[in-house]
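Student: turn this into a model:
(3 chains)
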Amino acid sequence: MSNPADLASIAAIDAVKTRTGGVGLLEGPRGARPRRAFSRSNIFIYGTLILVSVYYLLPLWVMVMTSLKGMPEIRTGNIFAPPMEITFEPWVKAWAEACTGINCDGLSRGFWNSVFILVPSVLISIAVASVNGYALANWKFKGSEVFFTILILGAFIPYQVMIYPIAILLGKIGLFGSLWGLVLVHTIFGMPILTLLFRNYFTSVPQELFKAARVDGAGFWGIFFRIMLPMSLPIFVVAVILQVTGIWNDFLFGVIYSNNERYPMTVQLNNIVNSVQGVKEYNVNMAATLLTGLVPLVIYFASGKLFVRGIAAGAVKG
Amino acid sequence: MAVTDQAQTAVPRPATGAPARRPLRVFRNLASKIAAIPMVLTALVIFVGCTLWTVVYSFTRSGMLPRLQFVGLDQYERLWSTPKWLVSIQNLAIYGICAMVLTLVLGFLLAALLDRKIRGEDVFRTIILYPFALSFIVTGLVWQWLLNPDYGIQNVVRSLGWESFEFNPLYNPDLVIFGLLIAGIWHGTGLSMCIMLAGLRGIDEDIWKASRVEGIPTWKTYLFVIIPMMRPVFVTCLVLIASGIIKLYDLVVAQTGGGPGGSSEVPAKYVMDSMFGAQNLGQGFAASSMMLLSVIIILIPWAYLEYGGKKRV
Amino acid sequence: MLAPNSSVSIRDLSLQFGAVQVLQNLNLDIGDGEFLVLLGSSGCGKSTLLNCIAGLLEPTDGQIHIKGRNVTWLEPSERGIGMVFQSYALYPQMTVRGNLSFGLKNARVPKADIDQRIARAAKILQIEPLLDRKPAQLSGGQRQRVAIGRALVRDVDVFLFDEPLSNLDAKLRADLRVEIKRLHHNLTNTMIYVTHDQVEAMTLADRIAIMKGGQIMQLGSPDEIYNRPQNKYVADFIGSPAMNFIEGHYEKGRFRANDLDIALDGYRLAAPQVADRPAILGIRPEHVATGAMINAAPIHGEVAVELVEPMGADTLVWATLAGKPFRIRMDGQARLAPGDRLPIGLDPAKASLFDAKTEERL
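Tutor: I've put the predicted structure just below:
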């Protein structure tokens, strides 16, 4: 208090006090209100969230633990307990040797099949949908909104309704059971959500930019490639995330439109785990399950908020 | 270029004449129309064409191969007298109602907790949403393992000393649908939480300030102010969840295979089994048409509420 | 049919969106080198009209001629126009140079020519040091200069401005306004400028077209628009604070309302003979004489001060005249308090008289 600056400020306050006749600033609460770190509501909020997190993490934990144990330990032990002796053998077996009813190549065959399906499907579906969305956002023509509405409503039609006629169509054009048939199916069924995503994005691009480019003499493709594409990288990343996880996780189309040789990883996994032949090897099954889930999980954890944006895109109405 | 020439040579027409329109309307905006061909084909051939095809063939005697021999409603009568279908419908109804209510309520509660400006929001959100990134096959297999009576949760609890503990839904025909439900909720709650969280974030901060100034407790603000404001978000969420539930298929295949004893069958699986297993296409078409009908029953009130209602206001 | 030296001519232009008539049978001739401002509140169709001239919107009916050429069916890039937008609309991923050259490259202008034109435009607009920057690295004022530059390099006959200054803060707006005026002075291109800001309109325009509901309410020089508004809408729209309106009757050269009775000596009637009828008298707040100026005004009176709004440069006084709120704009140094009596003077020559029913000028 012997600091002269303090004295000066007190004097100033006093001056105010005498002038206004009000209460001085010296008594009573001052500054930030003290807070308890563990208030009751905080304990409730964090407690609930931690409990919920345990429920959500438990399966992942069990998967990892089981896949690192040997079968004897699984038979005697507790599924939640960490392995006493870590073994990677189940992983090797799941990847290279596990048997479905038909072959014993492990998951590796399914993995590569999925990759070969994934790459062209993602590229083609996004290319087609981005152009669709751009046309719908900036170059509306008579009826374009009608087709778009049908497309969006189509996303709600159960796949089972369309599966058989599509198989016939694919047979007619000679693509049934081929890789490209499956790529075509993924392109078709990815179209509603992706088109919506791109249409909404391109609609949010200021219309004046589009007008300026038209005054500058750029046409449909000129504006798309020179103006729109360079500024829409984030939305393409969102689309890629959406499609990679969606196509990788697909089971239905893989089971119908491909054959034993080309089954994607999910189908291969199901055939391995739910195969009725031989002794159940739970550690191999969990290793296989983890392996199949790894691609979307890596994408999910690496992409963070973009994944959220992707799934939220489905919820935001156009 | 032809268009340009015509425009340049066009004589100024008298004030009262035909409207100034470019001839050859079809060619205007041509690039856009060409670019939209994939969309148009998908909309017309797949979504409209294939759907109509299936509905039409659901009235035929198709067996191993589709045949245009109409038999009226025979397939539907057979469908509704097949026990497997009735079980499927019952299962879907139980699963559907429980999943919808639980996903919505849990999704909202979690979103509300995350919206309380807490630390580590990103971590919690990441944990709750990650199952959604996994396929239903993976989800089904994990929970099949967790619910395994000999090694799973039941075994763990029993080994802790509670010998009579019973938690074996996957092998109990009465409970198997709840076994699926646990897995389904685990997979899908993150999505509804994220949509709700986005909805909560979209609410004007000033609403919260106003309620604080007026001294309204937090829970009351949620109940009487926030939730009514979020109605469109709830509806959207509901439609998304519902249309996902009707498609329920992979999870059942992976987790239970429809068992035990066909007690966890669902309509989508019924369709697949009739079409590709039992070589009974007619049944498959009829069952899938019923699925379509249920989607329409969900969608029409929604479309009416969301779009039809607004126009009259 | 076309005016001889008109740069842009609009004939019977109509535009409908569904049942909504956005533009109604518009006719407008803009002279070579003229600076025309389209002024109106939002939704009046001024931007729509500009977009039609640019070719960004297709009219339902009518024609547009630019430099004697019927451009009604031409693409925007073929019309010989350059356009500046409110949001600048710069291509974000291109440098300033890229932004300026994009249109020229599309038109396949030779490289050397492009460089030369960019150099010229950059010099005029003083953006030479910015040429290699991206738009995100520029300030609002710099961005708008680049946007103007993009129109400049196109070497066009007609410049179209769509509220180019509305996104800028007040001070920058005033600076750029002067610069646009200077630009027009030096380039002598035809310019069509859309704005809702009457100050911009008054300061920039050779002629102002005031629009409402897709129609032109009055077309005239800023002086005409301000001093002889053709109708009550224009009178009310132009001027800030807005004109005072007093409802009453016109009777044989006099205006009567409640306790007010004024001889309209010195007022120029629009027609030689005007029959007696209900009328509205409009007096601008700045045309009410106070203090020493009263002596110069033919009509004298006194009002009670009700409210005083000091605004620095001037002071707005609220009073009541003929039972209606009445605004008086006074010098900023005036010291008044509510309740004071304020002597005022009115000059009918500066007033406006409108028919009460048609709201047209009498």
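Student: residue B:172 and chain C, how far apart?
Tutor: Using CB to the nearest CB, to the nearest Å, residue B:172 is found at 61 Å from chain C. Where C-beta positions appear, they are placed from N, C-alpha and C, glycine not excepted.
Student: cool, residue A:64 as well?
Tutor: Counting by CB to the nearest CB, the gap from residue A:64 to chain C is 43 Å.
Student: for the closest residue to that residue other than its chain neighbours, grab phi and psi.
Tutor: For residue A:64, ignoring the flanking residues on the chain, the nearest one in space by CB to CB, 6 or more residues apart in numbering or on different chains is residue A:290 at 6.7 Å. Main-chain torsions, residue A:290, degrees, to the nearest 10: phi -60, psi -40.
Student: list the residues that contact residue A:290.
Tutor: A:63, A:64, A:67 (CB atoms under 8 Å, 6 or more residues apart in numbering or on different chains).
Student: ok, now residue A:107?
Tutor: Contacts for residue A:107 (CB under 8 Å, 6+ apart) come out as A:94, A:95, A:98, A:265, A:268, A:269, A:272, A:288, A:291, A:292.
Student: and it, how close does it get to residue A:119?
Tutor: Noted for residue A:107: a distance of 18 Å to residue A:119, by CB to CB, to the nearest Å.
Student: which of the helices and strands in chain A ranks last by mean pLDDT?
Tutor: Least confident helix or strand, chain A: helix A:4-20 with a mean of 50, by mean pLDDT, DSSP states H and E.
Student: any low-confidence regions in the chain?
Tutor: Picked chain A for this. A:1-26, A:36-37, A:312-318 (pLDDT under 70).
Student: um, chain B though
Tutor: B:1-27, B:306-313.
Student: and the residue nearest to residue A:202 when sequence neighbours are not counted, how many neighbours?
Tutor: Leaving aside its sequence neighbours, residue A:202 sits nearest to residue A:137 (CB to CB, 6+ apart; 3.6 Å). Around residue A:137 there are 22 other residues, counting by other CB atoms under 10 Å in any protein chain shown.
Student: surely residue A:137 is in contact with residue A:207?
Tutor: No: the criterion here is CB atoms under 8 Å, and residue A:137 misses it with residue A:207 at 9.4 Å.
Student: ok so, going back, filter the contacts of residue A:107 down to the ones close to chain B.
Tutor: If you filter these for contact with chain B, counting by CB under 8 Å from any CB of the partner chain, you are left with A:269, A:292.
Student: among the contacts of residue A:107, which one lies nearest to chain C?
Tutor: Of all the contacts of residue A:107, residue A:265 has the smallest distance to chain C: 37.6 Å, by CB to the nearest CB.
Student: on that earlier part again, who wins on neighbours among the contacts of residue A:290?
Tutor: Within those, most neighbours by other CB under 10 Å means residue A:67, with 24 neighbours.
Student: what does the stretch 151-300 of chain A put close to chain C?
Tutor: Applying CB under 8 Å from any CB, one finds that the stretch 151-300 of chain A approaches chain C through A:206, A:208-209, A:211-218, A:222, A:226-227, A:230-231.
Student: leaving out chain neighbours, which residue sits closest to the residue of the stretch 1-150 of chain A found nearest chain C?
Tutor: Here the stretch 1-150 of chain A gets closest to chain C at one residue, residue A:138, 11.6 Å apart by CB to the nearest CB. Spatial nearest neighbour of residue A:138, chain neighbours left out: residue A:210 (5.4 Å); criterion: CB to CB, 6+ apart.
Student: isn't residue A:182 right up against residue A:259?
Tutor: No: counting by CB under 8 Å, residue A:259 is not a contact partner of residue A:182; they are 10.4 Å apart.
Student: pLDDT weak spots in chain C?
Tutor: Within chain C, the segments meeting pLDDT under 70 span C:1-4.
Student: quick one, domains of it?
Tutor: Following the assignment in automatic domain parsing, chain C carries domains at C:6-228, C:234-355.
Student: now the stretch 51-200 of chain B against chain C: closest residue?
Tutor: For the stretch 51-200 of chain B, CB to the nearest CB, closest residue to chain C: residue B:198, 25.8 Å.
Student: now name the helix or strand holding that residue.
Tutor: In this structure, residue B:198 sits in helix B:176-201 according to DSSP states H and E.
Student: check residue C:327 too.
Tutor: strand C:324-331.
Student: and that strand, what's buried?
Tutor: Residues of strand C:324-331 classed as buried by neighbour count (16 or more other CB atoms under 10 Å in any protein chain shown): C:326, C:327, C:328, C:329, C:330.
Student: now do stretch B:177-188
Tutor: Buried residues in stretch B:177-188 (16+ other CB under 10 Å): B:177, B:179, B:180, B:181, B:182, B:183, B:184, B:185, B:186, B:187, B:188.
Student: in a markdown table, list those along with distance to chain C.
Tutor: Conversion of the buried residues of stretch B:177-188 to a markdown table gives the following (distance: CB to the nearest CB, whole Å):
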| residue | distance to chain C |
| --- | --- |
| B:177 | 51 |
| B:179 | 52 |
| B:180 | 49 |
| B:181 | 48 |
| B:182 | 48 |
| B:183 | 45 |
| B:184 | 43 |
| B:185 | 43 |
| B:186 | 42 |
| B:187 | 39 |
| B:188 | 38 |
